[in-house]
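Colleague: here is the input, now give the coordinates:
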Amino acid sequence: MALFDDAWMKGFQEKWNAEPALAAALEKINFNSVIGYGFPGDDTCIGYINVVNGHVTEAGAYDGRELNWDLRADQKNWEKWLKKEIGMTGLGLAFTTGKLKFKIGDFKAMISDPRMAGPFIKSFAVMGSV
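Modeller: Okay, here's the model as predicted:
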């Protein structure tokens, strides 16, 4: 199972939906988004999740659908963040140093809203459990 491939994304879906700090927290704010994950040099992301009311309803290999968020980082950085929880400071540093890129999506708006920032950081911890 490779990072962000179809099987990995389905595992991420299962872990996301089982984590109250993600699914339940985002359900409270009626969070809906299609989020892609991948690597900076690629034309498209590798995998995606479709989040409806905080819960992942679909996940898998990216199929060309429109994204609300497209997160990119080098493989080594993804692996580092999945081994050790990133936290708010680490996330800010990753963004400002260009290690984490948002091809689509507004990082500053998301990170300034605690109802979204906490679950976003939690999503990295959940990724690490896949």
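Colleague: got the buried residues for stretch 98-112?
Modeller: By 16 or more other CB atoms under 10 Å, the buried positions in stretch 98-112 come out as 99-101, 107, 110-111. For the C-beta atoms, the positions are set from N, CA and C on the backbone; glycine is no exception.
Colleague: and the furthest pair within these?
Modeller: The distance between the two most remote of the buried residues of stretch 98-112 (CB to CB) is 16.8 Å, for Lys99 and Met110.
Colleague: downstream neighbour of the least confident helix or strand in the chain by mean pLDDT in the secondary structure list?
Modeller: Least confident helix or strand of the chain, by mean pLDDT, DSSP states H and E, is helix 107-111 with a mean of 85. On the C-terminal side of helix 107-111, the nearest following helix or strand under DSSP states H and E is helix 114-127.
Colleague: for that following helix, which helices and strands make contact with it?
Modeller: Using 3 or more CB pairs under 8 Å, 6 or more residues apart in numbering; DSSP states H and E as the contact criterion, the elements in contact with helix 114-127 are helix 6-18, helix 23-28, helix 75-83, helix 87-96, helix 107-111.
Colleague: and the fourth one, what does it pack against?
Modeller: I take that to be helix 87-96. Helix 87-96 is packed against helix 75-83, helix 107-111, helix 114-127, with contacts defined by 3+ CB pairs under 8 Å, 6+ apart.
Colleague: and for the nearest residue to Leu82 once chain neighbours are set aside, the neighbour number?
Modeller: Once flanking residues are discounted, Leu82 sits nearest to Gly128: 4.0 Å by CB to CB, 6 or more residues apart in numbering. For Gly128, the neighbour count with other CB atoms under 10 Å is 16.
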